[in-house]
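Participant: Give me the fold of what follows.
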Amino acid sequence: MTEHTKTDGLPGLESPGLPPLAERARPRNERMNTAKVECNACPVLCQISEGRAGACDRYANQGGTLVRLDPVVLLRRTLEADEPVLVPFAGRAEDSAGSEAPAWSGDLLLADQVFVTGVGSSTTYPDYKPAPFIVGSQVQGVDMVTVVTEGIFSYCSFKVKIDTDRFLGAEQANVRCKGEVVGHVTTAEYGSQMLSLGGVHHLTGGSKKEGRITAEMMQALGNKQAVEFTIDGGSQIIIQAGRAPIVNGVEEQRMRVGCGSAAVGIFARQLFGLADEVVVVDDHITGVLTEHQAGRCLDMRPSGIQMLGRKSTPGRYFQVANPGTGWGGTDIADPLAIIEGWNAEVAWPGLRLLMTSTTGEHASWYVLDEDLRPVETEMPAEVRRIVERIGENCEPSLASVLFLAGAGGSLRAGVTENPVLLTRSIKQALVNVTCGGAPAYVWPGGGITVMADVLRMPDNSFGTVPTPAIVAPIEFSMRRSDYVALGGHGDQIRSLAEVLSRGAWHNEGAPQALQWQRQPDANPWPLGRPPLLG
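Facilitator: Okay, the predicted model is just below:
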């Protein structure tokens, strides 16, 4: 546990530029029970009784001292499962599995092997004072600085990509969690349905219950837990980052290889000679092989098929059926329902027809009888193999969760006294922004709007405060010279060795729990990306 003892500072430990403690005392008309301690890590200002935790469950009163309940997460470039975990702080420490770790051996870790993340680092909200950790290190001969904090974000959301053709809900339809509106369906992308969840209007613009449920949902979703949603006029879904979505109680298996037109083009040559007509059913573009450019290039004989829907270009049909959870993301269970008929002057008895969905999960084989009526028969093995290949080319259906947040407000004051210089330095690629050590994409335009994949962030990276808002890690890494140039808190820079031995500046000498985690292979090392090291 991290002894926090008022985030505004400790007696005898004044940060440069702050007024004396006496000037920052509680107003005279505010009184607090002497058996309680106040936490000012957020504007709620919880007064916490002995043995109890605050409203956010992140801080507690232990023997009259405010302690942080979560460990600080440190990343190592290499950390084997049986490797001793080096713990410099005087208190308890954990390895990545949560087991008690051995005491520090006294060995200093190499700077280019250790990265202090914002997970568990605490915040100094409101950030009129330096961030908890301003770490100086040397990487490949370059003097570096990393500013580490937990941000309190009201302006934040999750963008969720769900790999499925199933109809989840109409665009702009409300998404609900426990009955409360927490987001909406947004524009679909190729092979995926998209949701926008959370955001400032749901956190703070509605009822207290809506804000509370939204915060709880965002914390769980960001921490890679499963969350159940319902969509107005649509489906019931369970979403968990990195797992297959569950739609109406059925786990999705495949993401389509392409739209109906694309599937026709991809597999036309393989189906040539085995089928006289192929229809790939799709909610977006249904493909018809003999009319399609691919069929024409193969000089295929027209089949005389007459399709429902609106013809786009030859062999490509829109709106053959309504959206749904059936064939190809439509509402049909019988694929013949989208065939209006056959041109008797063109079609012929014995014509071989393959109908398949964009994922190959649904497929049927028909032969026209003497009255030009399709009769379902057993699919030839050669055709079955191609349908299976369509399925083979479909990637596994997954739910992807991206954290999107505006790093504004007073958070920037924890980095520099002149926030606009931080913004400019980020846009000039002089500063590398990470979230728990994971790479963050910085949106163009004004402000510092970052986006990160929660799967690449450490476990339990997200918390909440009951304002309500989301708590998430953020780190700013740069050359020391660039940090000084942007007006950073240069007098608060401490070496990595000092940070590991003493903890956060507002927490020095206090017991502090640490958790070591190995840097995921998919993530670049936060201090090793150009142009930081040139």
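Participant: middle-most residue in this structure, spatially?
Facilitator: residue 402 (2.4 Å; C-alpha atoms, centre = their mean).
Participant: What are the phi and psi values at that residue?
Facilitator: phi -110, psi 130 (degrees, to the nearest 10).
Participant: Looks like it contacts residue 455 (just checking).
Facilitator: No. Under the criterion of C-beta atoms under 8 Å, residue 402 makes no contact with residue 455, lying 9.4 Å away. (Each C-beta comes from the backbone N, C-alpha and C, glycine too.)
Participant: gap between the two ends of stretch 156-171?
Facilitator: Taking C-alpha to C-alpha, to the nearest Å, stretch 156-171 runs 21 Å from one end to the other.
Participant: Which residue ranges make up each domain of this structure?
Facilitator: 2-154+408-518, 156-255, 260-392 (automatic domain parsing).
Participant: for those domains, which one sits closest to residue 398?
Facilitator: domain 156-255 (5.3 Å; C-beta to C-beta).
Participant: Run the chain-centre distance for the closest one.
Facilitator: 12 Å (C-alpha atoms, centre = their mean, to the nearest Å).
Participant: end to end, how far does that domain reach?
Facilitator: 28 Å.
Participant: Likewise for stretch 413-428?
Facilitator: End-to-end distance for stretch 413-428, by C-alpha to C-alpha: 19 Å.
Participant: same question, stretch 411-427
Facilitator: Start-to-end, stretch 411-427 (C-alpha to C-alpha) is 17 Å.
Participant: Same question for stretch 152-166.
Facilitator: So stretch 152-166: terminal residues 36 Å apart, C-alpha to C-alpha.
Participant: From the chain's centroid, how far away is it?
Facilitator: Counting by C-alpha atoms, centre = their mean, stretch 152-166 comes out at 7 Å from the chain centroid.
Participant: ok, now stretch 65-79?
Facilitator: Counting by C-alpha atoms, centre = their mean, stretch 65-79 comes out at 21 Å from the chain centroid.
Participant: what comes up buried for that stretch?
Facilitator: 65-76, 79 (16 or more other C-beta atoms under 10 Å).
Participant: Can you flag which of those residues belong to strands?
Facilitator: 65, 66, 67, 68, 72, 73, 74, 75, 76 (DSSP state E).
Participant: Quickly list what the third one is bridged to.
Facilitator: Think residue 67. Beta-bridge partners recorded for residue 67 (DSSP bridges): residue 3, residue 60.
Participant: how close does it sit to residue 154?
Facilitator: Distance, residue 67 to residue 154, using C-beta to C-beta, to the nearest Å: 26 Å.
Participant: follow-up on the earlier one: which of the buried residues of stretch 65-79 has the weakest pLDDT?
Facilitator: For the buried residues of stretch 65-79, the least confident position by pLDDT is residue 79, scoring 55.
Participant: how far is stretch 370-389 from where the chain is centred?
Facilitator: 42 Å.
Participant: measure it end to end?
Facilitator: Across stretch 370-389, first to last residue, C-alpha to C-alpha, it's 32 Å.
Participant: cool, stretch 488-500 as well?
Facilitator: End-to-end distance (C-alpha to C-alpha), stretch 488-500: 21 Å.
Participant: Show me what counts as buried in that stretch.
Facilitator: 488, 489, 492, 493, 494, 496, 499, 500.
Participant: Please narrow those residues to those residing in strands.
Facilitator: Using DSSP E, the buried residues of stretch 488-500 in strands are residue 494.
Participant: so what's the residue nearest to residue 374 when sequence neighbours are not counted bridging to?
Facilitator: Closest residue to residue 374 apart from its sequence neighbours, by C-beta to C-beta, 6 or more residues apart in numbering: residue 366 at 3.7 Å. In this entry, residue 366 is beta-bridged to residue 353, residue 376, by DSSP bridges.
Participant: right, and residue 366 touches residue 353 too?
Facilitator: Yes. Using C-beta under 8 Å, residue 366 is in contact with residue 353, at 4.3 Å.
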